[in-house]
Structures are given as structure tokens and as C-alpha cells.
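Asker: I'd like to go over a predicted model; first the sequence, then the structure.
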Number of protein chains: 2
Amino acid sequence: MPQIIAVDFGGTNIRVAYFPTAEPPPKKISKSPTRASEGPEAVIARLEKAIQALIPKEHHDLRIGVASPGPLDPTRGVILNAVNLPGWVEIPLKDKLETRFGLPVEIGNDANLAALGEWRFGAGRGTNNLVYLTISTGIGGGVIIDGRLLIGAQGLGAEIGHTTVNPDGPLCGCGQYGHLEAVAAGPAIARQAMGLLESGRSSTLREKFELNETLTSKDVGKAAQAGDELACEVIEQAGEYIGRALSDLAHIFNPEVFILGGGVSQIGSLLFEPIDRALRSHIMHSAYVEDLRLLPAALGDDVGLIGAMVLVSKG
Amino acid sequence: MPQIIAVDFGGTNIRVAYFPTAEPPPKKISKSPTRASEGPEAVIARLEKAIQALIPKEHHDLRIGVASPGPLDPTRGVILNAVNLPGWVEIPLKDKLETRFGLPVEIGNDANLAALGEWRFGAGRGTNNLVYLTISTGIGGGVIIDGRLLIGAQGLGAEIGHTTVNPDGPLCGCGQYGHLEAVAAGPAIARQAMGLLESGRSSTLREKFELNETLTSKDVGKAAQAGDELACEVIEQAGEYIGRALSDLAHIFNPEVFILGGGVSQIGSLLFEPIDRALRSHIMHSAYVEDLRLLPAALGDDVGLIGAMVLVSKG
């Protein structure tokens, strides 16, 4: 059985873990800031340092799995254009790490690998067909079909956050309009709440809004949980959009389970209930939803590390 | 190598073919009317008669593959609820045919099997990832991912026609609103043209419209090819909807090729050009479309038979 170093990095943190066998939990785990503004060379040097610190003195069949922001080419192991990492354009990360460590390296899109982790060790255990969404600053996706990760011809598939739910909707971070991410990710929830506050609606969010104007989706979620009407309405609307998108995805993938992760999903039942309602009310045939489950992600912050471990554990 | 009887039936015709080896062309082919209004027992009797007529006297490893309207459960071989076949609810067609002939039978959704046929022997040859759409009275879909047919947990996946392109759009045949099928299939094209004619717009379609009011998408396609402005506008609008849907599907599947079949696709470049334009203008990153091809289906009326043959040729 291989020993595995798993890496999960993004715009904020670098996390590295050592798995003595191909299953959780990791034996050691480290966390350090990415400092993305210093550019790819500096970040890669920090990645290498963090990996080196966790390589055991004696090892056998040691492999490195990396969960990275995309879009990326998992076959070549090249980061094409990481959205939250300035300067990361066409970075051959796999080659760089393989050269540095002399170990096999595999790289995957972080949301894809989170799906892989949830499937093997989390909320999707025991299924063969699942769709995973991570809802936070953006909306990422991962899809398991018949026990295999969907990646597509160039490894760019499963971008569920970038499907159109409202053709007349707001600008998405990707440059297109009306994508699910543009209407239901954290920033969209915050923006929607601020829009209602600007229109003069009363809310417990008003004080914070008038003090500094930087509401987050977490603020909106908390206010909703405390019964704030405006906040509830905003969360309900986001849930409605997500549920409609899931009905389309049910028609496309006919999965056994939808798994929702990411910070926004932690709003919990106030978000899950409208999602479930919209999903069921927009489905074309009851056969799609009879055995379909909608579940929160189970692996928490370690999901990317576990997914990266699963990625390299095979073959 | 197996010998194969392939069956393709729908609301109008029953087609049966005999393939002495697992590749086209078939050696014999027959066509007869379905007479769907007579109900499932009568139709199944006709299917059995048509199959019997093509079974060779001497055979070895003979198998039967069936392309059927869905939704259906390909694992159990049960037609759940065929939309254009009155009375076809929970019909165990696989069991019935296996009992009748003592031969192995496999059943698949007709659009799924068309995708399989185009992949192995048609416009998708040599690729591993393709998305197929058949655009006629409805819009059916089939998806090949990494060389395997997407069917989903209960075999209900790949229903690409039933994804939302306009949440405020018209009623779809499935009972939901604003699906691609509801805005871009044949009846939607005809309805759109009639709407513009009712509003008083001039068009070469007006004469036929005022005589009997039953315009078809074929009429609209022909008028567009002859330069009719109203007809061109309607085809362009349908193409725009299809292209937008394809951009979402590119983000989801990252395919090498989109293949369009079905009667409406025969409108040709007047439809393909706006599809291609909308696809490219709504894509989130050029990497998705750099090597992506948009092709007309290549197998014509035999696509369902060839797909049914491919389905049972394995294993």
C-alpha cells in the first residue's frame, strides 16, 4: 500500500498531510499561509518546504497528491489559470514537484478531488453516482459517475457553478452572466442582502451594514438562523436557485446523492430545505428523486487533503 | 463475434435489422408501422413478429438489442413510461423478449443508444468524450464520458433536453418550464413562427399559415433556407438557445465533440452557425472550445439500430 503526501492549497492557505496508508486520518498535518500575492515561484517554494517537512525519513512507494485551484490540466499536471492565485498561468506544477522530490505526483482540481474524498470516505460512501458542490466564494463541482471521476477531455469538466440558471442574471466571476455561482455563492448572498437593505427594508443586519457596508454571507446566514426576515428571504432565494440547478443536474446525471460542502452550506437547514423543495418541484419524473438523497459534506476542512490522497492511492 | 438483431421503435415506426457481425451495415432491415394507439400488447406482438422474421435459421451467440423511447430502466429492461406510446407504463420488455426468444436482450434509451452508435461508427469515431443531441419533436441526449455511456443510477441520465435554459420560458412536454426542449425542439420552432405571423409580420410562410395553421419546423427551416427573414429569425433564436445550453454542457462535460442529430438538425448551417456562435460567446475559458468540434450526426435513420447493436455487442 502506498504512503502519501497530500497537498491542498488555495488563495489563503497551504495544507499538507502525511498518510502512512491510503486512508484517513492523516498522521501529520501542517498549515501555512499561501501569501499568493508574492507570485507562483514564492508559493511553490513554500509548497516544497511544507512537503519536505512531512516526508518521513524512511519511506516506500511514497507519492504526492495535490488539490489545486483550477482550471488545470490534470493529465499534464499544469495549472492553466488559477483564479485566486495571481500570476499562476500555465504553471507545470506536476513536473516541478516531480523534479524536486523524485516522487510521482498527481494534480487535480480541488473541487473534483473533494468529490473524490466525499465519495470514498465521506457522505457519499457506498454510492456509485454522486454530484458534489462546494459553495463558498465560488461554486465548484465534482461528479462521480459509475465509480469514476468525471474530468472530461482536457480535465476541465464538472464546472457545475458555471451553468446558467438565469440568462438575465448578474455577472459571474468567470466573465459570463447568470451562472449558478453568480446568484448563489457567498458574495451573491451578501450582495442580495445589501440590495434589500439599500431599498430600506428593516433587518437586524442594518446596523452592521450602515457601519461598514461589508456584509458577508456568514452574517446573512447567522441573521437568518436568528429569524431575521430579510436574511431568511435571501437564503431562501439562493436555495431556490441551487435546487433548480440540482433538478437540471438530476436530469443530466441521475445521481444517488447530492453532497453540498463549503462555507455557505454550513447555513444548514435554512438553505437545504428550499434547495430540496425546488429540486423536487422542478423534477420531470418522480423516479429521479425517489431514492435521491441531499446531504451535507462530511469531511470538513480535510476534504481536499483526503481527495488528493485518494487520487494518488490508485494504480 | 456475436450476431445481433437490433430493434429501434418509437411512436411511428418499428425498425429491425440483422447484423451478422458486430458492425454496420446490417445484412437485412425491416420497417413497419408501430400503431401505438393499439396499446403495448399489440405493439409487442408486432415487435416479436418483426424480430422473428429476421432471425437466421442457423445462428451462434445471437443477441437482441433494443432502442426504446424512455424513460426506462436499462438494468431491469423495463419501460417506465414511454411518452409517445399510450399505455406503456412499467412494461418489462427485456423479460418478455427473453422469454419469447430464449436469447439475451438488452434495452437502452433511444437517444442514449444513438450517442453510442455515433461514437463507435458515426461522427464521434475516435473520440472518448462526446455529447449527442437529437432535436426533433423533443430533444433527447446521450453522453459518452471516457469511452463509457452515461446512464446514471437508474439509467435516467443524459436528459439534456430537460435542462432549464429560460426559467420563465414555456411549458415543456415533461410538465416543467423553460427546458431546452420547450424552446428549441421542432414544435417550439413552429410555435415561435406562428406567434410572429399572428403579430402580423410578413413572411413567405403566411400563405400556408392562413390556409391551415399547422406549420412545422420543416416549413420554417425551408423558408429560412429560401431567405425568409421571419423564418431565419426563428431558427437563429432556436440556435442561440441550443448554443447557450451547449456552453453549460461544455463546462459540465468538457467534451471533444458535440453531435447534433434529428430532423431539426437537418436545417443545417442556418441552425449550426448561431449554435456555434452562442456556444463560443458563452464559454468561460477558451480552453473548452479550442479543440471542440460541433458536427452533424452521420448515421441518419439507422443510428438507433446501430446503437442497439453496439449496446449488445460487448461482454
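Answerer: Sure thing, it's come through. Numbering: from 1, shown residues only, chains lettered A, B, ... in the order given.

Asker: Just give me the neighbour total for the residue of the stretch 101-250 of chain A found nearest chain B.
Answerer: Nearest to chain B in the stretch 101-250 of chain A, going by CB to the nearest CB, is residue A:152, at a distance of 2.5 Å. For every residue, glycine as well, the C-beta is placed using N, CA and C. Burial of residue A:152 is recorded as 23 neighbouring residues (other CB atoms under 10 Å in any protein chain shown).

Asker: Please apply the same query to residue A:314.
Answerer: Residue crowding around residue A:314 was assessed by other CB under 10 Å; the count is 8.

Asker: Would you quantify the distance from it to chain B?
Answerer: 15 Å (CB to the nearest CB, to the nearest Å).

Asker: which bits of the stretch 151-300 of chain A sit near chain B?
Answerer: A:151-160, A:162-167, A:172, A:174-176, A:179, A:244, A:247-248, A:251-256, A:282-285, A:287-288, A:291 (CB under 8 Å from any CB of the partner chain).

Asker: is it true that residue A:31 lies in a strand?
Answerer: Yes - Residue A:31: assigned to a strand according to DSSP: H, G, I helix; E, B strand; the rest coil.

Asker: From residue A:302, how far out is it?
Answerer: Residue A:31 is 11 Å from residue A:302, where distance means CB to CB, to the nearest Å.

Asker: Which one of these two is surrounded by more residues?
Answerer: residue A:302 (21 against 12).

Asker: Domain boundaries for chain A, per the record?
Answerer: With domains defined by automatic domain parsing, chain A comprises A:3-116+A:302-313, A:126-298.

Asker: of all those, which lies closest to residue B:295?
Answerer: Closest of the domains of chain A to residue B:295 is domain A:126-298, at 14.6 Å (criterion: CB to CB).

Asker: So which residues make contact with the worst-scoring helix or strand of chain A on mean pLDDT?
Answerer: Lowest on mean pLDDT, DSSP states H and E among the helices and strands of chain A sits helix A:206-212, with a mean of 87. Helix A:206-212 is contacted by residues A:193-194, A:197, A:203, A:215, A:219 when judged by CB atoms under 8 Å, 6 or more residues apart in numbering or on different chains.

Asker: next one: that helix to chain centre, how far?
Answerer: 30 Å (CA atoms, centre = their mean, to the nearest Å).

Asker: Now do the same contact list for residue A:131.
Answerer: Residues in contact with residue A:131, defined by CB under 8 Å, 6+ apart, are A:115, A:141-144, A:160, A:246, A:249, A:253, A:255, A:257-259.

Asker: Greatest separation within those: which pair is it?
Answerer: Top of the distance list for the contacts of residue A:131 (CB to CB): A:144 and A:246, 15.5 Å.

Asker: that older thread, list the contacts for the nearest residue to the residue of the stretch 101-250 of chain A closest to chain B once chain neighbours are set aside?
Answerer: In space, and not counting its chain neighbours, residue A:152 is closest to residue B:254: 2.5 Å by CB to CB, 6 or more residues apart in numbering or on different chains. Remark: with contacts taken as CB under 8 Å, 6+ apart, residue B:254 is in contact with A:151-157, B:129, B:288.

Asker: In PyMOL, how would I select the buried members of the residues you listed?
Answerer: Selecting only the buried entries of the contacts of residue B:254 in PyMOL, with 16 or more other CB atoms under 10 Å in any protein chain shown as the criterion:
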select buried, (chain A and resi 151+152+153+154+155+156+157) or (chain B and resi 129+288)
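
Asker: Neighbouring strands - and their directions - for the host helix or strand of residue A:7?
Answerer: Assessed by DSSP states H and E, residue A:7 sits inside strand A:3-9. Sheet pairing of strand A:3-9 (DSSP bridges) gives strand A:13-19 (antiparallel), strand A:62-68 (parallel).

Asker: what is residue A:132 paired to in the beta sheet?
Answerer: With DSSP bridges as the rule, residue A:132 is bridged to residue A:142, residue A:259.

Asker: So it sits against residue A:265, correct?
Answerer: No - Residue A:132 lies out of contact with residue A:265 (CB atoms under 8 Å); the separation is 10.6 Å.

Asker: Looking at the two, which one has more neighbours?
Answerer: Neighbour tally, residue A:132 and residue A:265, criterion other CB under 10 Å: the higher count belongs to residue A:132, 34 against 20.

Asker: Give me the pLDDT for the more buried one.
Answerer: Predicted confidence (pLDDT) for residue A:132: 98.

Asker: which residues does it contact?
Answerer: A:111, A:114-115, A:118-119, A:124, A:141-144, A:258-261, A:297.

Asker: cool, and residue A:222?
Answerer: Residue A:222 sits in contact with residue A:231, where contact means CB under 8 Å, 6+ apart.

Asker: now the helices for chain A?
Answerer: With helices called from DSSP state H, chain A shows them at A:40-54, A:93-101, A:110-121, A:180-184, A:186-198, A:206-212, A:217-225, A:229-253, A:269-281, A:303-313.

Asker: Residue B:235 is nearest to which of those helices?
Answerer: helix A:229-253 (24.7 Å).

Asker: mind listing what's buried in that closest one?
Answerer: Using 16+ other CB under 10 Å as the burial criterion, the residues of helix A:229-253 that qualify are A:230-253.

Asker: thinking again about what came up before, worst average pLDDT in the helices of chain A?
Answerer: Minimum mean pLDDT among the helices of chain A: helix A:206-212, a mean of 87.

Asker: Give me the buried stretch members for it, please.
Answerer: In helix A:206-212, counting by 16+ other CB under 10 Å, buried: A:208-209.

Asker: pull the CA atoms of that helix into PDB?
Answerer: Extracted as PDB, the C-alpha positions of helix A:206-212 are listed here (Å, rounded to 0.1, in the frame of the first residue of the first chain):
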ATOM      1  CA  ARG A 206     -28.900  47.100   9.100                       C
ATOM      2  CA  GLU A 207     -26.500  48.200  11.900                       C
ATOM      3  CA  LYS A 208     -23.500  46.300  10.600                       C
ATOM      4  CA  PHE A 209     -24.400  47.400   7.000                       C
ATOM      5  CA  GLU A 210     -24.500  51.100   8.000                       C
ATOM      6  CA  LEU A 211     -21.300  50.900   9.900                       C
ATOM      7  CA  ASN A 212     -19.000  49.300   7.300                       C
END
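
Asker: Which residue would be the closest one in the stretch 201-315 of chain A to chain B?
Answerer: residue A:254 (2.5 Å).

Asker: Roughly how far does that residue sit from residue A:291?
Answerer: Taken as CB to CB, the span from residue A:254 to residue A:291 is 10 Å.

Asker: Between the two, which contacts overlap?
Answerer: B:153-154.

Asker: from the chain's centre, how far out does stretch A:87-107 sit?
Answerer: That offset, for stretch A:87-107, works out to 22 Å (CA atoms, centre = their mean).

Asker: For that stretch, buried residues please.
Answerer: Buried residues in stretch A:87-107 (16+ other CB under 10 Å): A:88, A:91, A:93-94, A:96-98, A:100-101, A:103-107.

Asker: How about residues contacting that stretch?
Answerer: A:5, A:39-40, A:44, A:47-48, A:51-52, A:55, A:62-66, A:68-69, A:72, A:74, A:76-82, A:311-312.

Asker: ChimeraX command to pick out the buried ones of those residues?
Answerer: To isolate the buried ones among those in ChimeraX, judged by 16+ other CB under 10 Å, type:
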select /A:5,40,44,47,51,62,63,64,65,66,68,69,72,74,77,78,79,80,82,311,312
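
Asker: Number of residues surrounding residue A:221?
Answerer: Residue A:221: 24 neighbours (other CB under 10 Å).

Asker: For it, give its distance to residue A:11.
Answerer: 21 Å.

Asker: on that earlier part again, can you list the helices of chain A in a markdown table and add distance to residue A:19?
Answerer: Below are the helices of chain A laid out as a markdown table (distance: least, CB to CB, whole Å):
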| stretch | distance to residue A:19 |
| --- | --- |
| helix A:40-54 | 10 |
| helix A:93-101 | 16 |
| helix A:110-121 | 11 |
| helix A:180-184 | 31 |
| helix A:186-198 | 30 |
| helix A:206-212 | 42 |
| helix A:217-225 | 31 |
| helix A:229-253 | 29 |
| helix A:269-281 | 31 |
| helix A:303-313 | 5 |
